[in-house]
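**Q** Okay, predicted coordinates and the sequence, questions at the end:
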Amino acid sequence: MKFNNVLKNLAFVAILSASIFKTDACFAVSRIKDIADFEGVRDNQLIGYGLIVGLNGTGDNIKSVDFAKESLISMLDAVGVNARDGQIKAKNVAAVMVTANLPAFSRQGSRIDVTVSALGDAKNLLGGTLIATPLKGADGEVYAVAQGTVATGAVAAGSQEEGSSVLKGVPTSGRIASGAIIEREIPFKLDSLETMNIALRNPDFTTSRRIADAINAMMGTPIAKSIDPGTVAMNIPENYQDNIVDLMTKVEQLQIQPDTVAKVVIDESTGIVVIGKDVKINRLAIAQGNLTIKITDVPFVSQPEPFTLGEPIIVDTSLIDIQEDTEAKMKVLDTGINLQELVDGLNALGVTPRDLISILQAIKVSGALQAEIEVI
């Protein structure tokens with residue numbers, strides 16, 4: 001008898017555990033490192049101005065692009081060539097802006113990727129070589145030097161005689177893999193910090209509080225505090241003063257359930273509609289119908305009377321055709337329906353993405369949509 005009771009209890013526990021895991025699977029859980037950043041651990045943007053040489057006649061028109069001409073003359077002066085007295089007609093040179101991101105804790109001598117973009121009227125940067133270009137930060141200091149062969153990933157071909165051309169991608173912008181060498185490091189002493197802020201990528205009060213609670217639960221002491229929707233302040237414990245990396249590793253691996261505001265995002269230019277899972281609507285009735293008005297111009301020739309000197313006259317007449325969808329039905333949507341029910345209800349009406357945008361905006365105006373609408 002006792003053995004049967006034990007089996008029943010084990011079966012009950014198994015069923016309960018399965019239901020718990022099934023419920024948890026319905027909620028998206030993310031690591032802290034995927035939804036937040038540590039203050040100070042960030043990229044820095046670099047920018048520079050340079051010249052690309054070796055183009056196959058697709059560079060800047062030196063006669064019309066003055067800054068490209070002056071840059072070319074200055075570059076030749078730097079290598080001991082005097083080109084100021086001559087007439088330069090080179091078409092294999094292009095002036096470009098060079099940009100790059102300097103990762104956090106990058107060390108001197110390491111390499112980073114750079115992006116080049118044409119400034120003048122260059123047609124194609126494919127196959128060109130960027131001449132040594134200093135890259136500066138926001139403080140005006142040089143942190144890297146870029147040089148190398150440009151890869152555009154684009155195809156541009158055409159015939160000047162026939163005027164036809166084929167263009168795929170953007171040939172006036174390219175990339176140089178590992179094209180810059182870091183010459184200066186950004187000073188940042190991680191081990192000297194006594195406090196560290198964790199910045200949320202999507203600020204939210206609930207998510208910020210959950211991060212603080214998860215950190216405190218792991219450490220067993222209240223070292224973290226949510227100070228605003230986008231920031232969690234964390235004090236560095238004494239036993240981690242000399243090993244902050246170990247603490248950051250443990251913190252960034254903690255998993256929490258981010259919370260978001262109920263939102264509907266609409267891109268009217270493409271007709272894309274994204275509806276969040278927490279979007280709710282009150283009970284309402286919706287009817288969707290299409291009214292189509294078609295106007296067609298039909299030419300009509302008016303002939304002159306017989307035995308007259310008149311000429312035929314072409315008169316445009318318009319035919320107007322009005323069609324209305326008579327099969328449109330009104331549908332009742334119940335209170336507090338979820339995302340799937342909302343989509344099913346609107347699909348039952350046969351709405352298109354364009355119609356869906358208008359319907360959602362109308363529901364919001366009526367006050368029945370419990371969500372924020374953001375148009376991008």
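**A** Noted; the coordinates are in hand.

**Q** So, low pLDDT: which residues of this structure?
**A** 1-27, 85-87, 157-165, 284, 286-310, 312, 314-343, 345-346, 349-350 (pLDDT under 70).

**Q** now the helices for it?
**A** Per DSSP state H, the chain has helices spanning 2-24, 32-35, 66-78, 205-219, 244-252, 339-348, 353-366. These are given in chain order.

**Q** ok, and for the third one, which residues are buried?
**A** Think helix 66-78. Residues of helix 66-78 classed as buried: 68-69, 71-73, 75 (neighbour count, 16 or more other CB atoms under 10 Å). All C-beta spots, glycine's among them, are computed from the backbone N, C-alpha and C.

**Q** what does that helix rub up against?
**A** By CB atoms under 8 Å, 6 or more residues apart in numbering, the surrounding residues in contact with helix 66-78 are 49, 51, 59-60, 62-63, 82-84, 88, 90, 93-95, 119-120, 131.

**Q** For PyMOL, what selects the buried ones among those?
**A** Listed next is the PyMOL selection for buried residues among the contacts of helix 66-78, using 16+ other CB under 10 Å:
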select buried, resi 51+59+60+62+90+93+94+95+119+120+131
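
**Q** Which of the contacts of helix 66-78 fall within strands?
**A** Among those, the ones falling in strands (DSSP state E) are 49, 51, 94-95, 131.

**Q** Pick out the most distant pair among these.
**A** 49 and 94 (11.8 Å; CB to CB).

**Q** Can you pull the residues that touch both of these two?
**A** In contact with both residue 49 and residue 94: residue 119, using CB under 8 Å, 6+ apart.

**Q** pretty sure residue 103 is touching residue 43, no?
**A** Yes: counting by CB atoms under 8 Å, residue 43 is a contact partner of residue 103 at 5.5 Å.

**Q** list the residues that contact both of those two?
**A** With CB under 8 Å, 6+ apart, residue 103 and residue 43 have no common neighbours.

**Q** What is the burial count for residue 239?
**A** 9 (other CB atoms under 10 Å).

**Q** swap in residue 133?
**A** 22.

**Q** could you list every residue that touches the closest residue to it other than its chain neighbours?
**A** Excluding its sequence neighbours, the residue lying closest to residue 133 (CB to CB, 6 or more residues apart in numbering) is residue 50, at 3.2 Å. The neighbours of residue 50, taking CB under 8 Å, 6+ apart as the test, are 95-96, 98, 116, 130-133, 146.

**Q** Report the beta-bridge partners for residue 50.
**A** Note on residue 50: beta-bridge partners by DSSP bridges are residue 96.

**Q** still on that earlier bit, out of the ones in strands among the contacts of helix 66-78, which comes closest to residue 282?
**A** Nearest to residue 282 among these, with distances taken as CB to CB, is residue 49, at 57.7 Å.

**Q** thinking the closest one is in contact with residue 95, fair?
**A** Yes: taking contacts as CB under 8 Å, residue 49 lies within contact range of residue 95: 7.3 Å.

**Q** what sits against the nearest residue to residue 150 once chain neighbours are set aside?
**A** Leaving out its chain neighbours, the residue that sits closest to residue 150 by CB to CB, 6+ apart is residue 174, at 4.0 Å. Applying CB under 8 Å, 6+ apart, we find residue 174 in contact with 115-116, 125-126, 128, 150-153.

**Q** Bridge partners for residue 174, pull those for me.
**A** Beta-bridge partners for residue 174, by DSSP bridges, are residue 116.

**Q** from the buried residues of helix 66-78, which is closest to residue 32?
**A** residue 71 (47.0 Å).

**Q** how far away is the closest one from residue 65?
**A** 9 Å (CB to CB, to the nearest Å).

**Q** tell me, what's touching these two both at once?
**A** residue 95.

**Q** got the contact list for stretch 134-143?
**A** 44-48, 98, 100, 102, 114, 144-146, 180, 182-184, 186.

**Q** If you count neighbours, what's buried in it?
**A** In stretch 134-143, counting by 16+ other CB under 10 Å, buried: 134-135, 137, 143.

**Q** end to end, how far does it reach?
**A** 8 Å (CA to CA, to the nearest Å).

**Q** With stretch 47-59 instead?
**A** Termini of stretch 47-59 sit 21 Å apart (CA to CA).

**Q** Can you work out which residues contact both of residue 49 and residue 95?
**A** Contacts common to residue 49 and residue 95, judged by CB under 8 Å, 6+ apart, are 71, 119.

**Q** And the residue nearest to residue 133, how far from residue 63?
**A** Look at residue 50 and residue 63: by CB to CB, they are 21 Å apart.

**Q** on that earlier part again, can you tell me which of the ones in strands among the contacts of helix 66-78 lies nearest to residue 211?
**A** Closest to residue 211, out of all of the ones in strands among the contacts of helix 66-78 and judged by CB to CB, is residue 49, at 42.1 Å.

**Q** Next up, the contacts around that closest one.
**A** 71, 95-98, 119, 133.

**Q** Now render the residues you listed as a markdown table, adding distance to residue 36.
**A** Formatted as a markdown table, the contacts of residue 49 follow (distance: CB to CB, whole Å):
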| residue | distance to residue 36 |
| --- | --- |
| 71 | 43 |
| 95 | 40 |
| 96 | 36 |
| 97 | 32 |
| 98 | 31 |
| 119 | 38 |
| 133 | 35 |
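
**Q** Show me which of those residues is closest to residue 262.
**A** For the contacts of residue 49, the nearest to residue 262 is residue 97 (41.5 Å; CB to CB).

**Q** What's the local residue count around residue 151?
**A** Neighbour tally, residue 151, other CB under 10 Å: 15.
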